[in-house]
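Peer 1: Mind looking at a prediction? Sequence and model below.
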Amino acid sequence: MSQYNPLGSRIPNVPFEQPKSLFRFGEQSIWSTQLMVAGQSAANQNFRLFTTPMGQVGQGFGQQLTISETNLKEGGRVPSGLAYDVFGIAGQVMLMSANGDAAGVDYSEAIDTQAEIDQLLAIIQAGVLRWNFTQTTIDVCPLLLAGAGGGAFGAVAQNAAGANSGHMNNGNGQIWMYRKHPVALPGNTTFSVELTFGNRGPAIATMARDAVVRVVLLGYYKNIIEIG
């Protein structure tokens, strides 16, 4: 039996059987957060992110991690059934409103004093991000380049002695790493991201507030929808 094709183009082959599965694609970010407690030194320390899922305690926090800290459902794994390709990585530095992860403490501390700006610079200039795939560790980049682009950015106005306004940050948001060659994370891969400091890492004991570092992975996912 002939088929009518008004465009005159080649008619694609039609399989005799229904497909057993379909691929679904999309974009999604995955994030994880580390609390660096005041009174400690980060020198020669490794902080492992993406190990604690939402609803559990870990990564320096004394309270359960919520959606603000991570969207992982399982520690060290991409969402179930997904293959995930990372095309960007970003790092964000924040300060807690008070020391100690207790009720009522949040991320509202503005980075606007000399001590707090020094703290920001110490973290982004000494910190390094690395992949950890259980048996293999791969260097990514200094935290300075993880979605930052270099330096500390923002504005601080000195209205009167001791009265500052404004906010400094590390300019996160731009994509620097993996623009051309994404990192593939199959659904069965166990991974973490290490925030690592050398022997010149910041002395948190002298810092103004507990520091919080949130690392965000930007990527594409693919999963299979069974229909047969």
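Peer 2: Looks like it arrived, so ask away.

Peer 1: Tell me where this structure is predicted with low confidence.
Peer 2: 1-24, 80-81, 148-151, 160-163, 171-175, 204-208, 223-228 (pLDDT under 70).

Peer 1: where exactly do the strands run in it?
Peer 2: 21-36, 46-49, 82-95, 127-132, 137-142, 153-160, 163-169, 183-185, 192-197, 211-226 (DSSP state E).

Peer 1: Which strands and helices lie in contact with the fourth one?
Peer 2: Going back to what we said before, that points to strand 127-132. Here strand 127-132 touches strand 82-95, strand 137-142, strand 192-197, going by 3 or more Cβ pairs under 8 Å, 6 or more residues apart in numbering; DSSP states H and E. Every C-beta, even on glycine, is put in place using the N, C-alpha and C of the backbone.

Peer 1: Do I have it right that residue 177 meets residue 140?
Peer 2: Yes. Contact criterion Cβ atoms under 8 Å: residue 177 and residue 140 qualify, at 6.2 Å.

Peer 1: overlap in contacts of the two?
Peer 2: Here residue 177 and residue 140 have 89, 146 as joint contacts, going by Cβ atoms under 8 Å, 6 or more residues apart in numbering.

Peer 1: Now do the nearest residue to residue 30 once chain neighbours are set aside against residue 69, distance only.
Peer 2: Sequence neighbours aside, residue 217 is the residue nearest to residue 30 in space, at 4.6 Å (criterion: Cβ to Cβ, 6 or more residues apart in numbering). Distance of residue 217 to residue 69, given as Cβ to Cβ, to the nearest Å: 14 Å.

Peer 1: again, but for residue 196
Peer 2: From residue 196 to residue 69 the distance is 20 Å (Cβ to Cβ).

Peer 1: Check residue 191 too.
Peer 2: On the measure of Cβ to Cβ, residue 191 and residue 69 end up 18 Å apart.

Peer 1: who has more neighbours, these two?
Peer 2: residue 69 (23 against 20; other Cβ atoms under 10 Å).

Peer 1: residues touching the residue lying closest to residue 91 once chain neighbours are set aside, list them.
Peer 2: In this structure, residue 91 finds its nearest non-sequential neighbour in residue 146, 3.7 Å apart by Cβ to Cβ, 6+ apart. Contact analysis of residue 146 by Cβ under 8 Å, 6+ apart lists 89-91, 129, 140, 172, 176-177, 215.

Peer 1: Among these, name the buried ones.
Peer 2: Among the contacts of residue 146, the ones that count as buried by 16 or more other Cβ atoms under 10 Å are 89-91, 129, 140, 172, 176-177, 215.

Peer 1: count of residues packed around the residue lying closest to residue 219 once chain neighbours are set aside?
Peer 2: By the measure of Cβ to Cβ, 6+ apart, the closest residue to residue 219 outside its immediate chain neighbours is residue 86, 4.4 Å from it. Per other Cβ under 10 Å, the neighbour tally for residue 86 reads 21.

Peer 1: any idea how far residue 58 is from residue 86?
Peer 2: Taking Cβ to Cβ, one finds residue 86 at 22 Å from residue 58.

Peer 1: And for residue 222?
Peer 2: 29 Å.

Peer 1: who's more crowded, the two?
Peer 2: Neighbour totals were compared for residue 222 and residue 58, and residue 58 leads with 19 against 14 (other Cβ under 10 Å).

Peer 1: and that one, what is it in contact with?
Peer 2: 51-52, 65, 75.

Peer 1: circling back to that earlier point, mind listing the residues bridging to the residue nearest to residue 30?
Peer 2: As for beta bridges, residue 217 partners with residue 30, residue 89 under DSSP bridges.
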